[in-house]
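Participant: Here is my input, please return the structure:
(one chain, ligands or ions: 1)
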Amino acid sequence: MPEILILNGPNLNMLGVREPAIYGRDTLGDIEDKCRTKAQALNLDIDFRQSNHEGELVTWIQEARDTADGIIINPAAYTMTSIALLDALKLAELPVIEVHLSNIHQRETFRQHSYVSLVAVGVICGLGAQGYLLALDAMAELIKRKADA
Ligand code: DQA
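Facilitator: Next up is the predicted model:
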């Protein structure tokens, strides 16, 4: 089965208690459970991870080059700052979908520039946990198209 790396950046381990008016009440564990159910239905394997450390995320993306078929990433605050993540995502040479729980375009202007978007096939924001599930749907389709090509 195709393997999808689902990466979560800093502070997303605090979902559930972190600004629930913006990020909702789901914990990251709840989101992982929903992703597992969805992935099973789509015949995808997922590797769901979170880190507060930029370098760790970079290393995981580098490793994914040889082990994964696609990357879904909520880079959190590294979205706006990390050229290192952008470079890692480029070298991974895998389809990338960027997800944000909140609608970053309705928020502070500094949240509206994303380095990761430069490499992402698509971006989903503002739909909460459902964004991850939509990203899995889209990733399944991208992988199918690649296999059929
Ligand atoms: C976020 C939006 C980012 O601006 C913020 O730094 C996060 C979470 C989101 O999921 O809405 O940590 O990526």
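Participant: For the chain, which segments are assigned as strands?
Facilitator: Applying DSSP state E to the chain gives strands spanning 3-8, 45-50, 70-74, 96-100, 122-125.
Participant: quick one, which of those is nearest to the ligand?
Facilitator: strand 96-100 (3.7 Å; C-beta to the nearest ligand atom). (Each C-beta comes from the backbone N, C-alpha and C, glycine too.)
Participant: Which strands and helices lie in contact with that closest one?
Facilitator: Here strand 96-100 touches strand 70-74, strand 122-125, helix 130-148, going by 3 or more C-beta pairs under 8 Å, 6 or more residues apart in numbering; DSSP states H and E.
Participant: Compute the inter-axis angle for that strand and helix 130-148.
Facilitator: 170 degrees (axes from the mean of the first three to the mean of the last three C-alpha atoms, to 10 degrees).
Participant: Given strand 96-100, what are its sheet partners and their directions?
Facilitator: Strand partners for strand 96-100, identified by DSSP bridges, are recorded as strand 70-74 (parallel), strand 122-125 (parallel).
Participant: and these as TSV, adding mean neighbour count?
Facilitator: Below are the strands paired with strand 96-100 laid out as TSV (neighbours: other C-beta atoms under 10 Å):
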stretch	mean neighbour count
strand 70-74	25
strand 122-125	18
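Participant: got CSV for the ones you listed, with distance to the ligand and mean pLDDT too?
Facilitator: Below are the strands paired with strand 96-100 laid out as CSV (distance: least, C-beta to the nearest ligand atom, whole Å; pLDDT from 0 to 100):
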stretch, distance to the ligand, mean pLDDT
strand 70-74, 5, 99
strand 122-125, 7, 98
